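1. kindly generate the corresponding structure for this input.
(one chain, ligands or ions: 1)
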Amino acid sequence: MRLYFHIPFCRQKCAYCKFALTPFVRDHEIRRYLGFLRAEVSSWLDENRDNDIIIDSVYFWGGTPSVLDIMDVESLLASVRGGARLVDNVEITFESNPEDLTETYVLWLASVGVTRLSLGVQTLRDETLKAVGRSGSDPILQAFDILGQHGGDLSISLDFIAWLPDTDVDTARNDIRRALSCLDAEHISLYMLESGRYPGSFDFPEDEIFEAYTLAADELSRSGFNRYEISNFARPGSECRHNQWYWRHDPYRWFGLSAASFDGRVRRENSASFVGYYRWDCFIETLSDEQLRIERVMFSLRTDGVKESDIGDHAWLVRLMSEGVVYRGACEKIFVSSACIFSIDSIMATLL
Ligand code: SF4
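-> All right, here's what the predicted structure looks like:
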């Protein structure tokens, strides 16, 4: 079983953010929220007290989990350990913003069992970071330094955005090159923002984004990273297990605001509003075989290939293969060609 804690607080709201969260952290709001989070965990453990719950991974995401005091992280993990068993090599990932990382915080994270630390970099271009409402590049470079000196056995993942307004097509590539020269990261996430994710009617230029993504992806490949999902690259053996299980439709239990859980057939999604979450409002949906097939196509086209038997429109499959848009690869599965990755959403829609 995989667990996830949604921590919906940030110190600021980035211009491109679409997540359910509240910017500007207030301590009493965090205390109240954590109380409900612990109650949700406890109620889930009660419901499953006759089952032997074995946890393979725990993921703290948000929002910005690093706004939490370390005691809160420890107490959430303790609440899980109180009724479930964590496997010896459990993967515990913690997302952090650079300005929250101090030497003490990093050492504490490792001491409470965190094994992976994911750092939101986005870009190293100072002006761009400030323009999107982030803190600039100094805290990032300091965080690299702290992790280099005190990160110990933590596996480090860095998040980048392939292209942002006022950057060049080679900015992300150069940023990644610089980051890897400062820090031995095992995993890189490289996101592409779409139009509609930015204030006003800013239009994202698809050609430039794709070129920026391709240059950065090539740099990662040269540096020994394999792409195992469109936006995720890892050194061999350092793929994020939590994400892989999620994409494979394995059961997971998420806690908190807007958190969705899945048992292989039934999906349960908590309210995305604090008022609703504090009333335990949630939406429950039993997925049909057809809905499961559609989700399988969507996840597997982005990751380790779609089984041909899951594809709905075989006439389109033949046509897209003849045009080189998709190809038959390992294990006879269907993959999207590198040159067409940017069109993956429309390819998916065509093959469903
Ligand atoms: S730090 Fe992340 S979650 Fe918070 S506002 Fe920025 S993009 Fe959104």
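2. which element is the closest residue to the ligand within the stretch 151-300 of the chain on?
-> Residue nearest to the ligand within the stretch 151-300 of the chain: D159 (8.6 Å; CB to the nearest ligand atom). (Glycine included, C-beta is placed from N, CA and C.) Per DSSP states H and E: D159 is located in strand 155-161.
3. tell me the strands beside that strand, with direction?
-> strand 116-122 (parallel), strand 187-191 (parallel) (DSSP bridges).
4. any chance of those strands in JSON lines with mean neighbour count and mean pLDDT as columns?
-> Below are those laid out as JSON lines (neighbours: other CB atoms under 10 Å; pLDDT from 0 to 100):
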{"stretch": "strand 116-122", "mean neighbour count": "23", "mean pLDDT": "96"}
{"stretch": "strand 187-191", "mean neighbour count": "22", "mean pLDDT": "96"}
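5. redo those strands as JSON lines? Include distance to L220.
-> Shown next, in JSON lines, are the strands paired with strand 155-161 (distance: least, CB to CB, whole Å):
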{"stretch": "strand 116-122", "distance to L220": "14"}
{"stretch": "strand 187-191", "distance to L220": "6"}
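6. out of these, which is closest to V73?
-> When those are compared by CB to CB, strand 116-122 sits nearest V73, at 11.9 Å.
7. show me how far the closest one is from its chain's centre.
-> Centroid displacement of strand 116-122 relative to its chain, using CA atoms, centre = their mean, to the nearest Å, is 10 Å.
8. what residues does that strand touch?
-> With CB atoms under 8 Å, 6 or more residues apart in numbering as the contact definition, strand 116-122 has outside contacts at 14, 64, 91-98, 101, 106, 109, 129, 132, 134, 140, 143, 147, 151, 154-161, 164, 175, 179, 187, 189, 240.
9. element containing L320, please.
-> helix 314-322.
10. mind listing what's buried in that helix?
-> W316, L317, L320 (16 or more other CB atoms under 10 Å).
11. what's in contact with that helix?
-> E308, I311, V326, Y327, R328, I334, I347, T350, L351.
12. residue contacts, the closest residue to the last one other than its chain neighbours?
-> What that stands for is L351. Leaving out its chain neighbours, the residue that sits closest to L351 by CB to CB, 6 or more residues apart in numbering is I311, at 5.0 Å. The contact partners of I311, by CB under 8 Å, 6+ apart, come to V297, L317, I334, L351, L352.
13. got the confidence number for the second one?
-> pLDDT, the model's per-residue confidence, is 84 for L317.
14. residues in contact with D218?
-> R173.
15. need the longest strand for the protein.
-> strand 85-96 (DSSP state E).
16. ok, that strand near the ligand or not?
-> No: applying CB under 6 Å from any ligand atom, one finds strand 85-96 out of contact with the ligand, separated by at least 8.1 Å.
17. tell me which other helices or strands that strand touches.
-> Judged by 3 or more CB pairs under 8 Å, 6 or more residues apart in numbering; DSSP states H and E, the packing partners of strand 85-96 are strand 54-62, helix 70-81, strand 116-122, helix 241-247.
18. contacts for the following helix or strand past the third one?
-> Past strand 116-122, heading to the C-terminal end, the next element that is a helix or strand (DSSP H and E) is helix 126-131. Helix 126-131 is contacted by residues 15, 122-123, 135-138, 140, 164-167, 171 when judged by CB under 8 Å, 6+ apart.
19. 7 Å - rerun?
-> For helix 126-131, the surrounding residues in contact (CB atoms under 7 Å, 6 or more residues apart in numbering) are Q122, T123, S135, G136, S137, L164, D166, T167.
20. one more: stretch 154-172?
-> 110, 114-123, 125, 128, 131-132, 147, 175-176, 179, 183, 185-193, 202, 208-209, 211-213, 215-216, 238.
21. and the ligand, which of the residues you listed contact it?
-> G120.
22. got a list of what G83 touches?
-> L45, R49, I53.
23. please pick the buried ones from those residues.
-> L45, I53.
24. out of the contacts of G83, which is nearest to S79?
-> L45 (7.9 Å).
25. could you check the pLDDT of that closest one?
-> Confidence score, pLDDT, at L45: 94.
26. which strand or helix spans the residue nearest to it when sequence neighbours are not counted?
-> Leaving aside its sequence neighbours, L45 sits nearest to G83 (CB to CB, 6+ apart; 3.3 Å). Per DSSP H and E: G83 is located in neither a helix nor a strand.
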